[in-house]
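**Student:** Requesting a structural model of the entry that follows:
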Amino acid sequence: MSKKRATDAQLAEEARRWDSGKLTPKGWVDSPDAVPRAKETVPISLRVPAPMLMILKEYARREGVGYQVLMKRWLDDRIRAETRTRKKRKSQPPVPSGA
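**Tutor:** Sure, this is the predicted structure:
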C-alpha cells in the first residue's frame with residue numbers, strides 16, 4: 001500500500017481551514033459514515049493475543065502512527081467496504097431460487 005501522505009505544511013493548512021470553518025463535511029456523500037472525531041469516541045476494552053498486538057504495533061510503527069490509530073483506520077476501512085458491499089447487494093435484482 002503506497003498512499004501518498006500529506007506534508008506537515010499541508011496538514012497544518014488543512015487544520016487551519018477546518019478551524020476557520022472554511023472546510024466542512026457539508027455535501028460529502030459519505031459524511032454520515034465518516035469516522036467520528038475524538039470527542040465523540042468512547043473507550044473500550046479489547047483483548048487480543050500478545051503476538052497479534054506485537055504485529056499491530058510493528059505495522060503502526062512502520063506507518064508512523066500509534067497502534068490504536070492504525071486499528072481505527074483499519075476498522076474504518078472495513079466498515080466502509082462492508083457498507084459498499086451491502087449497498088451493492090441491495091441494488092441488485094434478487095436471484096430466482098430453483099429452476
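
**Student:** which stretches of the chain aren't confidently modelled?
**Tutor:** 1-3, 25-39, 93-95, 98-99 (pLDDT under 70).

**Student:** What about the closest residue to Met71 other than its chain neighbours, how many residues nearby?
**Tutor:** What sits nearest to Met71 in space, not counting adjacent residues and going by Cβ to Cβ, 6 or more residues apart in numbering, is Leu56, at 6.8 Å. The way it works is simple: take the backbone N, C-alpha and C, and place the C-beta from them, glycine included. Using other Cβ atoms under 10 Å, Leu56 has 16 neighbouring residues.

**Student:** Show me what the helix or strand containing Leu56 is packed up against.
**Tutor:** Assigned by DSSP states H and E, Leu56 falls within helix 50-63. Where contact means 3 or more Cβ pairs under 8 Å, 6 or more residues apart in numbering; DSSP states H and E, helix 50-63 is packed against helix 67-91.

**Student:** tilt between the helix it packs on and helix 50-63?
**Tutor:** For helix 67-91 against helix 50-63, the angle by axes from the mean of the first three to the mean of the last three Cα atoms, to 10 degrees is 90 degrees.

**Student:** which parts of helix 67-91 are buried?
**Tutor:** Across helix 67-91, burial judged by 16 or more other Cβ atoms under 10 Å covers Tyr67, Leu70, Met71.

**Student:** ok, Ala60 to Gly66 distance?
**Tutor:** According to Cβ to Cβ, to the nearest Å, Ala60 and Gly66 sit 6 Å apart.

**Student:** So between these two, which is more surrounded?
**Tutor:** It is Ala60, of Ala60 and Gly66, that has more neighbours when counted by other Cβ under 10 Å, with 17 against 12.
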